[in-house]
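1. Below is the sequence, then the predicted model.
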Amino acid sequence: MGYSDQRFTVNLSILFTELPLLERPAAAAAAGFRAVELWWPWVDAPVPERSELDALKQAIEDAGVRLTGLNFYAGQLPGPDRGALSVPGEESEKFRANVDVAADFAHSLGCTALNALYGNRVDGVDPAVQDELALENLVLAARAADRVGAVVLVEALNAPESPKCPLVSAEKAVEVVDKVNAATGLGNARFLMDLYHLSMNGEDLPRVIAAYADRTGHVQIADNPGRGAPGTGSLPLEDLLDQVREAGYEGWVGLEYKPGDRPSHESFDWLPAGARAAR
Ligand SMILES: O=C(O)C(=O)CO
């Protein structure tokens, strides 16, 4: 057990952002990793030019890393937006336009996990109307993911940093997962267990792990406070990841932390070089 038994993937939307997008996959490879994940990289373009998609695919392939996770279009991340799929009007339309583009792009790189961020509450809109729209859009996303052999992930964010997001507890996110699976019958909606967000919400992490590991499709980590590398805060991340493993989760663990005021490649000193290259 320990970090050496985990399969880590580097989030290139929060790490290596000091580099242009197309240089980040090679930088992750140079740091010893073989797997990367991304938020939707084109925050203003749910349907980017074909040439942009092709260039990113090429950069990932040339670096010799695999893409293990991709967020659907989610607006401006990490804020002010927190997703698009529950936001009526233009944002929902953008999400819908993106669904097949993101699923096909993921598929072209063998990526089998697509994260669908819920979005903020909108002043003056009935929350029930937003939740109904969200379910419709999550069903579309789950069907598109299923078409390419992928899962659709539903993530709980944290209330202090996302005060308008309604999905700020594991229980609430898993409730949405269950609703999507009940609506599609596909069983490919899964919980994204982000230990940083859940700890910011004050959740009992061992309890959450025991309760929901079997419905978890992806895990992400950062330390708390600060959303930095493991060891920069007070979360017992190595132990918590052991618990996740013991509870039956064997998938990827996304490094979704901020490097701090140092280049990203210097932020992996907590992880033995031999433990980075999991495939
Ligand atoms: O917006 C965030 O903080 C996320 O974790 C997105 O995946």
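-> Received, thanks. Only a predicted model underlies this, so the values are computations on that prediction, with no experimental measurement involved.
2. Double-check that Val36 belongs to a strand.
-> Yes. Val36: assigned to a strand according to DSSP: H, G, I helix; E, B strand; the rest coil.
3. tell me the pLDDT at the residue of the stretch 1-150 of the chain found nearest the ligand?
-> Going by CB to the nearest ligand atom, the ligand is nearest to Pro78 of the stretch 1-150 of the chain, at 4.0 Å. C-beta: built from backbone N, CA, C; applies to glycine. What the model reports for Pro78 is a pLDDT of 82.
4. For Leu12, grab the count of nearby residues.
-> Counted by other CB atoms under 10 Å, the residues lying close to Leu12 total 28.
5. what's the spacing between it and Val36?
-> 5 Å (CB to CB, to the nearest Å).
6. Next: Ala150.
-> Applying CB to CB to Ala150 and Val36 gives a distance of 16 Å.
7. Which of these two has more residues huddled nearby?
-> Neighbours per residue (other CB under 10 Å) separate Ala150 from Val36, with Val36 holding more: 29 against 24.
8. Show me what that one is bridged to.
-> Residues in a beta bridge with Val36, per DSSP bridges, are Val10, Leu67.
9. contacting residues for the residue nearest to the residue of the stretch 1-150 of the chain closest to the ligand when sequence neighbours are not counted?
-> Nearest residue to Pro78, sequence neighbours excluded (CB to CB, 6 or more residues apart in numbering): Glu161, at 7.6 Å. Neighbour list for Glu161: 78-79, 200 [criterion: CB atoms under 8 Å, 6 or more residues apart in numbering].
10. Report the backbone C-alpha coordinates of the helix or strand where Pro206 lies in CSV.
-> Using DSSP states H and E, Pro206 falls within helix 205-212. In CSV, the C-alpha atoms belonging to helix 205-212 read as follows (Å, rounded to 0.1, in the frame of the first residue of the first chain):
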residue,chain,number,x,y,z
LEU,A,205,-13.9,11.2,4.3
PRO,A,206,-13.5,7.6,5.6
ARG,A,207,-17.3,7.4,5.8
VAL,A,208,-17.7,8.8,2.2
ILE,A,209,-15.1,6.4,1.0
ALA,A,210,-16.7,3.4,2.6
ALA,A,211,-20.2,4.4,1.5
TYR,A,212,-19.5,5.4,-2.2
